[in-house]
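Trainee: missing the sequence, but the structure's below:
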């Protein structure tokens, strides 16, 4: 259990430090809105990542991953947002 958690945490750190869509978003906000917009975008990204990791590590994620109906409902709900 601990080795799984450390593996997920290690991969999360690796993914967070690689450039990607987050970097593009922060760069766009910095150019368009200055440092204040950059700070808000960065704060949103930094607070969103632990939320996603917590949801991934929760038992509900395992249930949704194995239940086809729950997964389909979640996909449609996410599409509505």
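Mentor: That came in fine, so what should we check first? Keep in mind that what you see is a predicted model, and the values were worked out from it rather than measured. Residues are numbered from 1 along each chain as shown.

Trainee: contacts for the host helix or strand of residue 72?
Mentor: Secondary structure from DSSP states H and E places residue 72 in helix 68-80. Residues from elsewhere that reach helix 68-80, judged by C-beta atoms under 8 Å, 6 or more residues apart in numbering: 63, 64, 65. To be clear about C-beta, it is placed using only N, CA and C from the backbone, and glycine gets the same treatment.

Trainee: apart from its chain neighbours, what residue comes closest to the last one?
Mentor: What it means is residue 65. For residue 65, ignoring the flanking residues on the chain, the nearest one in space by C-beta to C-beta, 6 or more residues apart in numbering is residue 71 at 6.8 Å.

Trainee: burial count for the one you found?
Mentor: Neighbour count for residue 71, taken as other C-beta atoms under 10 Å: 13.

Trainee: what segments of this protein are strands?
Mentor: Counting by DSSP state E, the chain has no strands at all.

Trainee: can you give me the helices in it?
Mentor: Under the criterion DSSP state H, the chain contains helices at 2-17, 21-33, 35-57, 59-66, 68-80.

Trainee: now stretch 6-17: average pLDDT?
Mentor: In this model, stretch 6-17 has a mean pLDDT of 83.
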